[in-house]
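In: Sequence plus the predicted model coming up.
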Amino acid sequence: MKRKRLSDSPPAAVGSNSPAGVTIDHRSFPHIIDLIFASLTLPGLVAWSRACTEWRERVRPLLLKHVAIFEDMNCDSIIVRSHDIAWPKHSIVLAVVSTKTRALPQVSSANIVDSFYSDTGHRPAPRSTSSWPAAFYRLLSPRDTEDNAHPRLRMGLLSCTLGWTDVVHFIDYSQGNFLFATDCPRNPFALTLSIDCYSNPASYLESVTSPYPYAFDDLYFSSFKARHYTIIFNNCSDQQAPTNDMPLSAARDEISIVECQNKTLGAACELILSVGDWDSRIERIAVVGLDDFVAAQDLETYLRGICWAAGKMKGLSSVPQFGPGMPCLGEYLKFYTHKQYRKMIGEERYRLKTIR
């Protein structure tokens with residue numbers, strides 16, 4: 001049978017200049033919207049959240065995966081923001097509330113929670129922000145902690161009423177001065193001190209300081225139940241130290257001063273010894289990144305010095321052993337490069353411990 005050839009001309013109802021297009025009814029394919037949401041970056045989600053009410057509600061759970069809490073005790077306010085370390089200059093306010101009870105639903109469902117307290121001098125405006133305070137702390141895997149749906153009553157701060165078991169404490173260091181966040185989360189099982197170093201923490205030092213009273217004591221109380229400690233030294237010596245996050249107490253000369261026990265080993269050794277001296281129940285301390293501050297030919301001697309000092313203080317064998325290419329003190333004290341540590345814990349967790 002001879003087939004009839006179709007006409008090359010467009011149908012009369014369609015103009016020849018009309019662009020080709022496809023119309024999809026999302027009511028028949030709701031999963032398409034979900035796939036679009038899942039592929040969006042934080043800036044894209046922020047843009048969608050400002051659209052219609054229905055899309056805003058669909059986007060909201062995605063924005064709650066990583067949040068930041070700004071608490072201001074003087075104003076009795078809590079600001080909850082979205083946060084994403086891949087997009088630090090983009091965020092959106094999710095809630096501005098006056099009590100921790102009202103803020104809790106926004107926070108308890110998050111995978112990652114960052115906490116800021118106004119004593120650091122940071123005054124968060126309820127708008128998008130391009131920077132975060134220098135010193136703060138991060139709760140990882142809150143869903144694995146004890147019931148976060150019911151806040152405790154201690155001190156009335158939301159960030160201290162959640163079940164903190166895996167905490168990263170972001171700290172700045174410059175010229176012998178440690179800038180801590182105030183009111184540390186209490187009693188984590190695993191605690192990481194992630195320190196941005198704007199000067200060399202391994203150089204000779206007479207004493208270490210912190211620009212508010214009882215800073216080191218507060219850090220001690222925050223580690224009361226810690227068993228696993230990690231101290232990460234991040235090399236920021238090619239950057240200028242931030243100056244806009246100094247607490248008000250520094251202006252009144254209310255500072256903490258601790259004399260170094262081993263001056264030639266610097267602030268890094270003093271912090272390691274302080275951690276080990278706080279609680280005899282600490283099972284292991286991992287130290288990351290000191291190789292970035294000590295010349296290769298001097299590194300082994302420097303780390304051996306820390307092992308000798310730590311062993312003497314703890315009453316352990318003071319004979320340093322060799323770990324992954326570096327001296328160590330058995331399982332109690334081990335040193336790693338950033339590359340080794342990243343490989344050991346995985347890229348995602350490493351970024352959450354080092355990127356603010």
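Out: Thanks, I have the structure now.
In: Looking at the chain, which helix is longest?
Out: Assignment by DSSP state H gives helix 296-314 as the longest helix of the chain.
In: now could you export just the CA positions of that one as PDB?
Out: Listed next in PDB are the C-alpha coordinates belonging to helix 296-314 (Å, rounded to 0.1, in the frame of the first residue of the first chain):
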ATOM      1  CA  ALA A 296      60.200  19.500  58.200                       C
ATOM      2  CA  GLN A 297      63.700  19.000  59.600                       C
ATOM      3  CA  ASP A 298      62.500  20.100  63.100                       C
ATOM      4  CA  LEU A 299      59.100  18.500  63.200                       C
ATOM      5  CA  GLU A 300      60.100  15.200  64.800                       C
ATOM      6  CA  THR A 301      62.000  16.900  67.500                       C
ATOM      7  CA  TYR A 302      59.200  19.300  68.200                       C
ATOM      8  CA  LEU A 303      56.500  16.600  68.400                       C
ATOM      9  CA  ARG A 304      58.800  14.400  70.600                       C
ATOM     10  CA  GLY A 305      59.000  17.400  73.000                       C
ATOM     11  CA  ILE A 306      55.200  17.500  73.200                       C
ATOM     12  CA  CYS A 307      55.000  13.800  73.800                       C
ATOM     13  CA  TRP A 308      57.600  14.000  76.600                       C
ATOM     14  CA  ALA A 309      55.700  16.800  78.300                       C
ATOM     15  CA  ALA A 310      52.300  15.100  77.900                       C
ATOM     16  CA  GLY A 311      53.700  11.800  79.200                       C
ATOM     17  CA  LYS A 312      55.300  13.400  82.200                       C
ATOM     18  CA  MET A 313      52.100  15.200  83.100                       C
ATOM     19  CA  LYS A 314      49.900  12.200  82.700                       C
END
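In: So which bits of stretch 51-71 are buried?
Out: Of all the residues in stretch 51-71, those buried under the rule 16 or more other CB atoms under 10 Å are 55, 58-60, 62-64, 66-71. The C-beta positions use only the backbone N, C-alpha and C, and glycine is treated the same way.
In: so which strand or helix has the closest residue to Tyr229 other than its chain neighbours?
Out: Across the structure, with CB to CB, 6 or more residues apart in numbering as the measure, the residue nearest Tyr229 apart from its sequence neighbours is Ile285 (4.5 Å). Of the helices and strands defined by DSSP states H and E, Ile285 is found in strand 284-288.
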